[in-house]
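Chemist: sequence-free structure coming up:
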């Protein structure tokens with residue numbers, strides 16, 4: 001039932017004179033539509049026009065299909081050569097419920113229009129996002145089941161749904177999308193029997209033949225045992241057998257090793273298998289068969305008891321070894337080194353003498369003082385540190401918040417480092433899922449020439465920072481091993497320079513004679529190198545192990 005109209009809407013209803021003019025125009029248009037036909041043929045078509053109750057109706061509620069309604073109108077219009085305005089005059093009866101209320105309002109606003117005008121209006125109104133979501137959900141949920149569905153109506157319904165959703169989709173892609181509703185053996189069986197030129201009738205016949213012969217797509221058949229066991233109806237089975245099968249399927253199957261009965265591995269990878277094969281108890285003494293007495297039987301029983309004790313001791317020893325084998329091991333020369341296995345390479349090994357070219361840095365980018373800064377993850381560093389010159393570029397006025405440091409000496413590669421204090425800051429590791437922040441206390445050094453912060457072993461242990469270098473290089477923080485942080489790409493800059501014999505002797509002199517010398521920290525690198533060169537030029541005036549003080553004049 002249509003809703004009552006207000007006064008403004010009622011004013012738009014045309015008067016009876018206008019309706020008579022429109023009806024006369026419809027009759028003229030209807031009579032001229034049969035000008036290419038014989039009069040007898042036109043009268044026969046007029047008599048065969050379906051009644052209104054036989055025309056398709058559209059309500060616009062539930063899981064409606066407005067494209068099916070439009071196709072039904074076109075079938076009647078084209079079959080009986082009906083004019084557009086005659087078809088449009090019947091829309092008042094063909095629309096029901098919500099669609100009828102929408103038609104009344106639009107009819108009053110725009111007046112009498114042809115069917116060609118009403119078609120795009122119907123599509124724009126009822127092909128909305130809510131309808132598309134409902135139809136797509138129903139399309140994805142309605143899977144093909146050979147026990148309940150028949151191939152012809154199921155395939156035609158899916159095709160009509162896709163035609164309404166995607167009018168421009170090709171038939172080949174439409175058929176492929178329909179077959180994906182039953183992925184697996186059934187989809188593969190139908191695809192292997194069709195081509196790109198196959199029609200809908202061919203696919204329906206193939207689908208019906210495959211499901212009938214092989215029972216694919218049936219929920220009552222286990223595909224793994226389809227060709228091994230005959231099919232039986234569920235009503236023929238014994239209810240006791242069904243209950244036993246359900247109990248067997250519901251029970252949790254625990255896979256374990258058949259050698260040591262452990263659930264952590266299987267028998268093909270059991271470590272006890274190889275170790276038991278290596279056990280050599282020794283050869284048992286041969287027993288002479290000629291002198292068999294009762295005393296010999298007692299000796300045999302004692303031998304069996306001793307051998308059982310030996311086997312028990314072996315099992316106990318092996319259990320202890322197996323429990324310790326899962327722990328981290330240290331290198332020990334006293335262990336058995338007869339079994340040695342080459343380690344597996346995770347990347348291509350460089351040529352001989354070029355092994356140093358395969359190294360990478362562990363530098364990442366973090367946020368310190370709201371600025372992106374480079375940070376080196378150095379597990380070999382005893383503590384975290386940063387150079388004074390680099391810290392000036394990152395943080396202004398960093399000297400004020402420095403914490404005092406006790407009289408502790410720091411060395412880097414046998415070079416003493418002058419500590420100025422401890423700088424406390426927050427380091428933020430950015431990630432697309434969740435950012436992590438840690439608080440780091442770094443030792444500020446005077447003569448550190450690095451251009452990045454160094455995060456040492458102290459905070460790596462506190463926060464559980466693990467470096468992974470197997471295939472993909474990344475690091476994790478804490479227990480969340482799924483949150484991975486990447487390193488910056490490493491650009492190798494290898495500069496080779498020719499080393500003269502004088503420089504080699506100078507380095508040897510510095511490492512042997514001046515290894516315990518204390519050089520002032522106030523000297524620059526250039527001044528320090530000049531001092532080393534000066535001492536090397538006058539090395540004869542210095543004492544050594546072979547020539548102590550007092551043995552040579554001029555010391």
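Modeler: Noted; the coordinates are in hand. Not measured: the values here are computed from a predicted model.
Chemist: residue boundaries of the strands in this protein?
Modeler: Using DSSP state E, the strands found in the chain span residues 363-368, 371-377, 385-387, 410-412, 415-417, 419-429, 436-445, 453-455, 465-468, 474-477, 485-486.
Chemist: distance of residue 186 from residue 180?
Modeler: 11 Å (Cβ to Cβ, to the nearest Å). C-betas here are computed from N, CA, C, even on glycine.
Chemist: which of these two has more neighbours?
Modeler: Higher neighbour count among residue 186 and residue 180: residue 186, with 22 against 10, using other Cβ atoms under 10 Å.
Chemist: find the residue closest to the more buried one in space, skipping its chain neighbours.
Modeler: Sequence neighbours aside, residue 216 is the residue nearest to residue 186 in space, at 4.2 Å (criterion: Cβ to Cβ, 6 or more residues apart in numbering).
Chemist: contacts only, for the nearest residue to residue 422 once chain neighbours are set aside.
Modeler: Spatial nearest neighbour of residue 422, excluding adjacent residues (Cβ to Cβ, 6+ apart): residue 403 at 4.0 Å. Each residue near residue 403 by Cβ atoms under 8 Å, 6 or more residues apart in numbering is listed here: 421-424, 441.
Chemist: and for residue 339?
Modeler: Residue 339 neighbours (Cβ under 8 Å, 6+ apart): none.
Chemist: okay, it: pLDDT?
Modeler: We note a pLDDT of 75 for residue 339 in this prediction.
Chemist: domain ranges for the protein, per the record?
Modeler: In terms of domains, the chain is parsed into 7-127, 133-222, 360-486, 495-555 (source: automatic domain parsing).
Chemist: residue 266: which of the ones you listed is closest?
Modeler: Of all those, domain 360-486 sits nearest to residue 266, with 23.9 Å by Cβ to Cβ.
Chemist: average pLDDT across that closest one?
Modeler: 84.
Chemist: what would the strands of the chain look like in JSON lines with mean neighbour count and distance to residue 71?
Modeler: Shown next, in JSON lines, are these (neighbours: other Cβ atoms under 10 Å; distance: least, Cβ to Cβ, whole Å):
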{"stretch": "strand 363-368", "mean neighbour count": "18", "distance to residue 71": "61"}
{"stretch": "strand 371-377", "mean neighbour count": "17", "distance to residue 71": "61"}
{"stretch": "strand 385-387", "mean neighbour count": "24", "distance to residue 71": "76"}
{"stretch": "strand 410-412", "mean neighbour count": "14", "distance to residue 71": "83"}
{"stretch": "strand 415-417", "mean neighbour count": "14", "distance to residue 71": "85"}
{"stretch": "strand 419-429", "mean neighbour count": "17", "distance to residue 71": "60"}
{"stretch": "strand 436-445", "mean neighbour count": "18", "distance to residue 71": "59"}
{"stretch": "strand 453-455", "mean neighbour count": "24", "distance to residue 71": "70"}
{"stretch": "strand 465-468", "mean neighbour count": "14", "distance to residue 71": "60"}
{"stretch": "strand 474-477", "mean neighbour count": "17", "distance to residue 71": "57"}
{"stretch": "strand 485-486", "mean neighbour count": "14", "distance to residue 71": "56"}
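Chemist: mind checking which of these is nearest residue 267?
Modeler: Across the strands of the chain, closest to residue 267 is strand 465-468 (Cβ to Cβ), at 31.1 Å.
Chemist: direction included, what does the closest one pair up with?
Modeler: strand 474-477 (antiparallel) (DSSP bridges).
Chemist: pull the residues that contact the partner strand.
Modeler: Contacts of strand 474-477 (Cβ under 8 Å, 6+ apart): 362, 364, 377, 429, 436, 438, 463-468, 483-487.
Chemist: what about the closest residue to residue 72 other than its chain neighbours, neighbour count?
Modeler: Nearest residue to residue 72, sequence neighbours excluded (Cβ to Cβ, 6+ apart): residue 56, at 3.4 Å. A count of nearby residues for residue 56, using other Cβ under 10 Å, gives 14.
Chemist: same thing with residue 52?
Modeler: Residue 52, neighbours per other Cβ under 10 Å, totals 10.
Chemist: now residue 539
Modeler: Neighbours of residue 539 (other Cβ under 10 Å): 14.
Chemist: in space, what's closest to it - neighbours in sequence excluded?
Modeler: residue 509 (6.3 Å).
Chemist: for that neighbour, give me its contacts.
Modeler: Counting by Cβ under 8 Å, 6+ apart, residue 509 has contacts 535-536, 539.
Chemist: find me the pLDDT at it, would you?
Modeler: Reported pLDDT for residue 509: 78.
Chemist: quick one: it and residue 528, what's the gap?
Modeler: Residue 509 is 14 Å from residue 528, by Cβ to Cβ.
Chemist: picking that back up, for residue 76, state which of the contacts of residue 403 is nearest.
Modeler: residue 424 (84.7 Å).
Chemist: could I get the contacting residues of the closest one?
Modeler: Contacts of residue 424 by Cβ under 8 Å, 6+ apart are 401, 403, 439-442.
Chemist: format the residues you listed as a markdown table; extra columns: distance to residue 263.
Modeler: Compiled in a markdown table, those are given as follows (distance: Cβ to Cβ, whole Å):
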| residue | distance to residue 263 |
| --- | --- |
| 401 | 56 |
| 403 | 52 |
| 439 | 43 |
| 440 | 43 |
| 441 | 46 |
| 442 | 47 |
